[in-house]
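Chemist: Requesting a structural model of the entry that follows:
(4 chains)
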Number of protein chains: 2
Amino acid sequence: MPRETYIPCLMDLFQQHGYDGATLARISAATGLGKASLYHYFPGGKEEMAVAVFEYLEGWMSDHILPALRGEGDGLTRLQRMCTQFNTLYEGGHRPCLLAIVLMGSARGLFHDRIRQVFQTWLAAIAEVLVEMGLPADLAQQRSEDAAISIQGSLVLALALDDPSPFQRVLQELPAELCRPADAS
Amino acid sequence: MPRETYIPCLMDLFQQHGYDGATLARISAATGLGKASLYHYFPGGKEEMAVAVFEYLEGWMSDHILPALRGEGDGLTRLQRMCTQFNTLYEGGHRPCLLAIVLMGSARGLFHDRIRQVFQTWLAAIAEVLVEMGLPADLAQQRSEDAAISIQGSLVLALALDDPSPFQRVLQELPAELCRPADAS
DNA sequence: TTTAATGTACCGTTCGTTCGGTATAGTGTC
DNA sequence: GACACTATACCGAACGAACGGTACATTAAA
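Modeler: From the prediction side, this is the model:
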């Protein structure tokens, strides 16, 4: 079995339990591999496992979010496609964001640079769509931050309230909110 | 020294490192107390320390957020007062939210009910202000969720980008955004 | 003299990690 | 075909360190 086989499983674990909570015992149980076998695939240990998961997530962004934003259609439908992708990634608000979870854990320092870069490319891609629609660059930048704020915030709230509806409402309203003309309140 | 002396310090630690990252060794170093002394003040150990911090935070909400929302002035100024309070609590976006941090850590299950209740009372207090201003109850409820989403989301983004400006912008724009009439977009 | 507060040494557990080794599947040599 | 050699995939057992927590003697204070 190539090591890629186990990466979705690893992502699951890090997403559900955080970096600290995803212990090797749990990882071993979930993958069905002994601890020593894990070190065969990931000689760098737990940190390398997390790096592999981040690389997988970065690939997922490149394969799903960026094409959704850069594909055909007007700005609104592109943003709607992005929201659809996030809806599947976060399972309708039932799963927390891996990046936020790692960012809040004690492993923040290890992966902060990588996480920041993911956010920055994401924000830039959203802003690009809004600029294409005719919004001024600085406003487009602000709106892209608003998008990240709404998605991340609604995931936090959904987790806190144990209710995914805030996330679903945000996904539904966000594209139009981002596209509204510059002079509207 | 009464045990209340050490609670701000404990809150600092849990806020910065999370529940997992706030080890007894760190707590001992930060408070200047040996383990025996810590267990003298908090016989329930680390969990009781976290409970004390949560109770402190709940008291802070009762003393600062709820009075700000229920005091004199119109709805807009009340919400602005609330934002000012949050600005000091989160040090202008330089500190993450304790509730979110614990929620994302492996101790989620221990404190989930308590955290949910804090969020619910907060949301209810905001919605009350908006209902007083004439907004329909269901919209007021939605807007209160929007407030929590914006604040929590901007804290996540500020942490990710290592830049507090998204949080500061949200605090500045949020009150007017919440107060806008029902028929505006 | 009682009680609160603290230092020291220790407990059992779990952490991430490593060691030594097994089973299998080639691969080249004679 | 028989043999030695190597690389890959996997595992159980154990390691040292750190974890949260406890026992107990001692000091400081009332």
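Chemist: give the contact list for whatever residue of chain A ends up closest to DNA strand C.
Modeler: Closest to DNA strand C within chain A is A:Gly45: 2.5 Å, counting by Cβ to the nearest atom of the strand. Bear in mind the C-beta positions are built from the backbone N, C-alpha and C, glycine included. For A:Gly45, the contacting residues are A:Tyr39, by Cβ atoms under 8 Å, 6 or more residues apart in numbering or on different chains.
Chemist: before we move on, what about A:Thr84?
Modeler: Taking Cβ under 8 Å, 6+ apart, one finds A:Ala68 in contact with A:Thr84.
Chemist: Looking at it now. What's its pLDDT?
Modeler: On pLDDT, A:Thr84 comes in at 98.
Chemist: do you know how far it is from B:Met82?
Modeler: 34 Å (Cβ to Cβ, to the nearest Å).
Chemist: what does A:Cys83 give?
Modeler: Distance from A:Cys83 to B:Met82, by Cβ to Cβ: 29 Å.
Chemist: which one of the two has more residues nearby?
Modeler: B:Met82 (26 against 20; other Cβ atoms under 10 Å in any protein chain shown).
Chemist: For the helix or strand harbouring the more buried one, buried residues please.
Modeler: Here B:Met82 sits within helix B:75-89, counting by DSSP states H and E. Neighbour-count burial for helix B:75-89, counted by 16 or more other Cβ atoms under 10 Å in any protein chain shown, picks out B:75, B:78-83, B:85-87, B:89.
Chemist: just stretch A:144-164 next, same as before
Modeler: Quick answer for stretch A:144-164 (16+ other Cβ under 10 Å): A:144-161, A:164.
Chemist: again, but for stretch A:3-12
Modeler: A:6-7, A:10-11.
Chemist: Which single residue in chain A comes nearest to DNA strand D?
Modeler: Nearest residue of chain A to DNA strand D, counting by Cβ to the nearest atom of the strand: A:Ala36, 2.6 Å away.
Chemist: With only the CA atoms kept, save the helix or strand that contains that residue in PDB.
Modeler: Under the criterion of DSSP H and E, A:Ala36 resides in helix A:35-41. Output of helix A:35-41 as PDB, limited to C-alpha atoms (Å, rounded to 0.1, in the frame of the first residue of the first chain):
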ATOM      1  CA  LYS A  35       3.300   2.300  15.300                       C
ATOM      2  CA  ALA A  36       6.500   1.000  13.800                       C
ATOM      3  CA  SER A  37       4.900   0.700  10.400                       C
ATOM      4  CA  LEU A  38       3.800   4.300  10.600                       C
ATOM      5  CA  TYR A  39       7.500   5.200  10.900                       C
ATOM      6  CA  HIS A  40       8.200   3.200   7.800                       C
ATOM      7  CA  TYR A  41       5.900   5.500   5.700                       C
END
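Chemist: So which residues make contact with it?
Modeler: Helix A:35-41 has contacts (Cβ under 8 Å, 6+ apart) with A:3, A:6, A:24-25, A:27-28, A:31, A:33, A:45, A:49.
Chemist: mind listing what A:Met82 touches?
Modeler: Taking Cβ under 8 Å, 6+ apart, we find A:Met82 in contact with A:65, A:68-69, A:126, A:175.
Chemist: As CSV, these with pLDDT and distance to DNA strand C would be great.
Modeler: Listed next are the contacts of A:Met82 as CSV, based on pLDDT from 0 to 100; distance: Cβ to the nearest atom of the strand, whole Å:
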residue, pLDDT, distance to DNA strand C
A:Ile65, 98, 30
A:Ala68, 97, 35
A:Leu69, 97, 36
A:Ile126, 98, 35
A:Pro175, 98, 39
